[in-house]
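# with the input below, show me the fold.
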Amino acid sequence: MKRQIINIDQEKCNGCGNCVPNCPEGAIKIVDGKAQLVGELLCDGLGACLGHCPEGAITVEEREAEAYNERRVMENLTTQSERVLTAHLQHLREHRQIEYLQEALEFLSEQGKEDPLSTAARFEPVPQRQGSGCPGSRSMEFDRSAVLVSDGSSRPSELSHWPIQLHLISPLAPHYRGKDIVLAADCVSYAMGDFHRDHLKGKALAIACPKLDEGQEQYLTKLTALIDQAQINTLTVLIMQVPCCHGLLHLAQTAASRASRQVPIKSVVVGLQGEVLQEQWA
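I've put the predicted structure just below:
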C-alpha cells in the first residue's frame, strides 16, 4: 500500500543515534554506524523523530510500504519502560490518531495493563502548532455566560464547543467527557425551529450525514471512543424520517456494541417539517 513513511538519507546520517530514543515505536535502529528503518510496519509516518536529527537526514515521504500495525507496536512497547509507552500514546494523541490510540488502549486492557496517561493528560486540549492544520478544526470551548443577546427577541445559541462535524471532532476533547451527547443528522437543525432550545441545551454536539459522508468506519471508531474513553453519559441520535438517515442510528448502535461500556441511546425521528415523529430509548 502507498502511505506516509520516513526516509533516512544515508549520505547525511552521521550515526549520532538521536533519532532512536525519539522513535517510541522502535522503528529505527543504528546498524553499521547509520540509522536504519528496521521495520516498516512499526513506522507510523507521523515524524516524531524529525526534529531530533542534527543533519536533517530524516524526511517523510509517500511510497509503497507495509501497512502500519499498532498491535505490533504495542507488543514491542509493553516490553519497554512506562516512559517509552507513555511517549507513544502521547504521540498518537498529539497527532489526533484516534483510531490508533483506541486500538492501543484496547490492547493494554486485553493485557490487564493500566493506561499510563493520566485522566487529565488524556483529555486536555491539544495545542495547535502555528501554521499546522485547518484553523477551523481547532478544538475550543465557548463561555456560555459571555454570549450577548442584542435584543429581547433574540435567542442565543446553545452550542458550547467547536468543531462539531464528526470527522473533525476529537473524542478526547474535554467538552465531551462525561457529557450527554447529541448526534444529529446534518438536516435536523434546519428542519427543527427549536433545535437549540429543546435538544441541544446543556449537551455536547456532533453532526454527520449517513448518506453523503465518506469514511464512516472512522465514525464508528470515534463513537466507540466517546463511549469508552470520554465516558459519555447518554447519546441522543436525531435523524430525519427519510430512510437513508436511519444509517446514523445504526452507526451509533454498532459503536455501542463494540464498546466495553454501556450507555443509554435515545433515538428521535424528525419529520420533514420539523415535527418529532418518534422518540424512544433504543
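# what segments of the stretch 1-150 of the chain are strands?
Secondary structure of the stretch 1-150 of the chain (DSSP state E, counting those that start in this stretch): strands at 2-8, 28-31, 34-37, 58-64, 140-141.
# between those strands, which one is closest to E106.
Of all those, it is strand 2-8 that lies closest to E106, at 22.1 Å by Cβ to Cβ. Using the backbone N, CA and C atoms, a C-beta is placed for each residue, glycine as well.
# now for the closest one, which elements pack on it?
strand 34-37, strand 58-64 (3 or more Cβ pairs under 8 Å, 6 or more residues apart in numbering; DSSP states H and E).
# centre of the chain versus the first one, how much separation?
For strand 34-37, the gap between its own C-alpha mean and the chain's C-alpha mean amounts to 31 Å (Cα atoms, centre = their mean, to the nearest Å).
# so which of the helices and strands packed on strand 2-8 is the most surrounded?
strand 34-37 (a mean of 20; mean count of other Cβ atoms under 10 Å).
# give the contact list for the residue nearest in space to the middle of the chain.
The chain has I98 as the residue nearest its centroid, 3.6 Å off, counting by Cα atoms, centre = their mean. Contact partners of I98, counting by Cβ atoms under 8 Å, 6 or more residues apart in numbering, are 170-172, 218, 221-222, 225.
# from L92, how far out is it?
In this view, I98 and L92 are 8 Å apart by Cβ to Cβ, to the nearest Å.
# tally of neighbours for the closest residue in space to M140 that isn't next to it in sequence?
Distances taken as Cβ to Cβ, 6 or more residues apart in numbering put W162 closest to M140, at 5.1 Å, once the chain neighbours are dropped. W162: 18 surrounding residues under other Cβ atoms under 10 Å.
# strands along the stretch 151-282 of the chain, start to end?
With DSSP E, counting those that start in this stretch as the criterion, the stretch 151-282 of the chain has strands spanning 161-162, 180-185, 204-208, 234-240, 265-270, 276-281.
# TSV for those strands, including distance to E25 and mean pLDDT?
Putting these into TSV (distance: least, Cβ to Cβ, whole Å; pLDDT from 0 to 100) gives the following:
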stretch	distance to E25	mean pLDDT
strand 161-162	32	92
strand 180-185	32	98
strand 204-208	30	97
strand 234-240	33	98
strand 265-270	36	97
strand 276-281	42	96
